[in-house]
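Enquirer: Give the three-dimensional model of this entry:
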Amino acid sequence: MATQVGNTGSVILVENQDQNREEPITNTSNSTTEVESSSSSAVAAVKKLVIPEARASLLQKIFHFIKIISAVALFAVGIAALICLQFGIVVSTPSLILMIAIMLVSFVIVIMAIQDSTPSHVARRMKQQIQQFSQENTRLHIQVNALQAANAELTEQIDLLRQLHIRLSTFGDRLETYTGDFRDLLGEFKTSLNDFKSMGSKIEVMFAPFEKLAKALQETFSQEAVQQMMASVTALRTSLDGFKSLIEEQKVVLAELKSEAAQRKEQLRFLEERKKELEAACKALAASIVDLRASTTNLQAVESRITSSIGQDDDRDSPDGQG
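Expert: As a prediction, the model looks like this:
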């Protein structure tokens, strides 16, 4: 135990609690993580003790300042009294009463200050602080015991979980290569879970998901479930065969449509070529018609000329005959 004396005469006690220090517990990586998380949650619920520092409050500072003023006032009044006594100065009654009052008040305050610094008062404060530290020490012992119990429980749970992990790994390996009746394998798995459930209520809650897993596997690998799965697979195969035949028929129809489309394209190309030829022939016929019309017009002109010339010749021949 060490002691430290403050400026105001109070004593603070500090206990050396090395005997309460606990060595860290070393486990595997997974167990250390779980223990740290559980320990941190337990420690978070514990109220931390805050030891007040040796700081004087405002009232204590004011009282200390009054003590200093009182001592100074008592000293000043004594000096003034000595000066008046030495030089024979007559002091008036009000001034004398005031000086006596100041001396009395200052004397009382100084006596109180001396009393606060007496060994009995210091011992009383030390006893109060010792009681406070003993209560805190008791509370810390209780917390340490609780943490040790929680640590032991967590260590046991970690060991059980490690065993469960080993059994689950073994079950998974056997499930991959097992060719017999799956009900026997699931029965062994349920027996292992029941062995773990007998360890406590917390462990039983932890194994609830694995029981659901075992139930789901049992439903999956039962004979009725296998028959239903086989029937559904057969139905899927039948529908798949129907889809395949339908796809083949559609492929044939698509090939026919493609060939027909190619023929239609060839016909369209031929018709376009014929259309172009007919358009060229129509243009040639139109030109020929124009030429024929021009020739017809020319022939009609020639015919009219010939007719007129023949008529003129007839008119000339008729007088000659008469004569």
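
Enquirer: so which strand or helix has Ala146?
Expert: Per DSSP states H and E, Ala146 falls inside helix 119-177.

Enquirer: hey, where'd the helices end up in the chain?
Expert: For the chain, applying DSSP state H gives helices covering 29-44, 58-87, 93-116, 119-177, 182-197, 201-206, 208-221, 223-322.

Enquirer: So for the third one, mean pLDDT?
Expert: Across helix 93-116, pLDDT averages out at 79.

Enquirer: quick one: buried residues of it?
Expert: Buried residues in helix 93-116, counted by 16 or more other C-beta atoms under 10 Å: 99, 102-103, 106, 109, 113. All C-beta atoms are positioned from the backbone trio N, CA, C, and that covers glycine.

Enquirer: Distance to Leu240 added to the residues you listed, as CSV?
Expert: Converted to CSV, the buried residues of helix 93-116 look like this (distance: C-beta to C-beta, whole Å):
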residue, distance to Leu240
Met99, 122
Ile102, 116
Met103, 119
Ser106, 113
Ile109, 108
Ala113, 105
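
Enquirer: circling back: which other helices and strands contact the helix holding Ala146?
Expert: The contact analysis (3 or more C-beta pairs under 8 Å, 6 or more residues apart in numbering; DSSP states H and E) places helix 119-177 against strand 11-14, helix 29-44, helix 182-197, helix 201-206.

Enquirer: ok and it relative to helix 93-116, angle-wise?
Expert: 40 degrees (axes from the mean of the first three to the mean of the last three C-alpha atoms, to 10 degrees).

Enquirer: What count of nearby residues applies to Leu154?
Expert: 20 (other C-beta atoms under 10 Å).

Enquirer: In the protein, what helix or strand scores lowest on average pLDDT?
Expert: Among the helical and strand segments of the chain, the one scoring lowest on mean pLDDT, DSSP states H and E is strand 11-14, with a mean of 36.

Enquirer: okay, the helices of the chain, which one's buried deepest?
Expert: Neighbour counts (mean count of other C-beta atoms under 10 Å) averaged over each of those peak at helix 182-197, with a mean of 16.
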